[in-house]
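Asks: Here is my input, please return the structure:
(one chain, ligands or ions: 1)
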Amino acid sequence: MKRNPIIAALDVPTAGQALELAAQIASCVGAFKVGSELFTSAGPDIVRRLRDLGARVFLDLKFHDIPNTVARAVAAAVRLDVQMLTVHTSGGFEMLRAAEESAHRAAQELGRDAPLVLGVTVLTSADANTLAEIGCDPSPARQVERLAQLAVRAGLRGLVCSPLEIVALRQLLPDGVQLVVPGIRTGSESPDDQKRTLTPREALEAGADWLVIGRPIYAAPDPRAAAERILAALD
Ligand code: C5P
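Replies: Numbers count the residues shown, from 1 in each chain. Have a look, this model is predicted:
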């Protein structure tokens, strides 16, 4: 059976809301994303409860700290049994390598597969001004490419990228690097803060491996029907 590429972002504030949503859509998505809001309010137990539903979990806390601290946070995520997690590539080579090595070491100790450590390059909310403010190359495209290559050199096997970066990164990166792509819109929902979007099918055709979908599912009047429609449109 083909893998379901939909990662539903559970961007809700409480464990109760997250579990209710998860139970509705579990059979039509490939994974659940737990971000900073939900994790901070509900704690690690929300990850255990989602895993109890038999679902993959993507822990999107975008670690960025000294290598030792990131390595220990990654090991803690492995013990929680997450299948994907994020780190900021701007943390540098040593930090990225420490994260990847820790994922493998901790997984091996527990006899499970290492989670995919995904590098976040330039946030889609950042523009040339933001990059200049922090002393980086003001071209978002060049900064994305530089950080993506750094991540792969450090051993990362996946990256988060915007829909409009997929084609350039596919040309630049070795085969097999997994691209996880937010900013997905079906065209039927109301406009919001995502400015550069593709439809689910367009993103897969451009080379995405996983699609992170938040509001088009959780803010729909019937989240399960919305997820089913998105999945059906991928075939
Ligand atoms: O609601 P929406 O589909 O826009 O949600 C997208 C999800 O992906 C959110 O959880 C958001 O934090 C995350 N994300 C993003 N853009 C990035 C990185 C992550 O929208 N560049």
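
Asks: my guess is His104 is in a helix, correct?
Replies: Yes - His104: assigned to a helix according to DSSP: H, G, I helix; E, B strand; the rest coil.

Asks: residue contacts, it?
Replies: By Cβ atoms under 8 Å, 6 or more residues apart in numbering, His104 lies in contact with Ala114. Heads up, the C-betas are built off the backbone N, CA and C, glycines and all.

Asks: again, but for the one 4 residues further on
Replies: Applying Cβ under 8 Å, 6+ apart to Gln108 gives the contacts Ala114.

Asks: In terms of helix, strand or coil, where does it fall?
Replies: Once three-state DSSP is applied, Gln108 turns out helix.

Asks: quick one: the residue in the chain positioned nearest to the ligand from Arg185, how far?
Replies: Across the chain, the shortest distance to the ligand (Cβ to the nearest ligand atom) belongs to Gly214, at 2.5 Å. Going from Gly214 to Arg185 by Cβ to Cβ, to the nearest Å gives 10 Å.

Asks: Model confidence at the residue lying closest to the residue of the chain closest to the ligand once chain neighbours are set aside, what's the number?
Replies: Leaving aside its chain neighbours, Gly214 sits nearest to Ala9 (3.6 Å; criterion: Cβ to Cβ, 6 or more residues apart in numbering). Per-residue confidence (pLDDT) for Ala9: 98.

Asks: Could you pull up phi and psi at Ala9?
Replies: phi -80, psi 120 (degrees, to the nearest 10).

Asks: who's in contact with it?
Replies: Taking Cβ under 8 Å, 6+ apart as the test, what Ala9 contacts is Lys33, Gly35, Asp60, Pro182, Val212, Ile213, Gly214, Ile217, Tyr218.

Asks: which stretches of the protein aren't confidently modelled?
Replies: 1, 190-191 (pLDDT under 70).

Asks: near the ligand, which residues of the protein?
Replies: Residues of the chain found near the ligand (Cβ under 6 Å from any ligand atom) are 9, 11, 35, 123-124, 160, 162, 182-183, 194, 212-216.

Asks: about what we covered before: now that we have the contacts of Ala9, which one has the most neighbours?
Replies: Ile217 (28 neighbours; other Cβ atoms under 10 Å).

Asks: Can you tell me which of the residues of the chain next to the ligand end up in strands?
Replies: Ala9, Gly35, Val160, Val212, Ile213 (DSSP state E).

Asks: Could I get the full set of helices for this protein?
Replies: 15-25, 36-42, 45-52, 67-79, 93-110, 128-133, 140-153, 166-172, 200-206, 215-218, 223-232 (DSSP state H).

Asks: Which elements pack onto the shortest one?
Replies: Put plainly, it is helix 215-218. Other helices and strands packing on helix 215-218, by 3 or more Cβ pairs under 8 Å, 6 or more residues apart in numbering; DSSP states H and E, are strand 6-9, helix 223-232.

Asks: and the ones you listed, which is most packed in?
Replies: strand 6-9 (a mean of 24; mean count of other Cβ atoms under 10 Å).

Asks: Quick check: neighbours of that strand in the sheet, parallel or antiparallel?
Replies: Applying DSSP bridges to the sheet, strand 6-9 is found paired with strand 31-35 (parallel), strand 210-213 (parallel).
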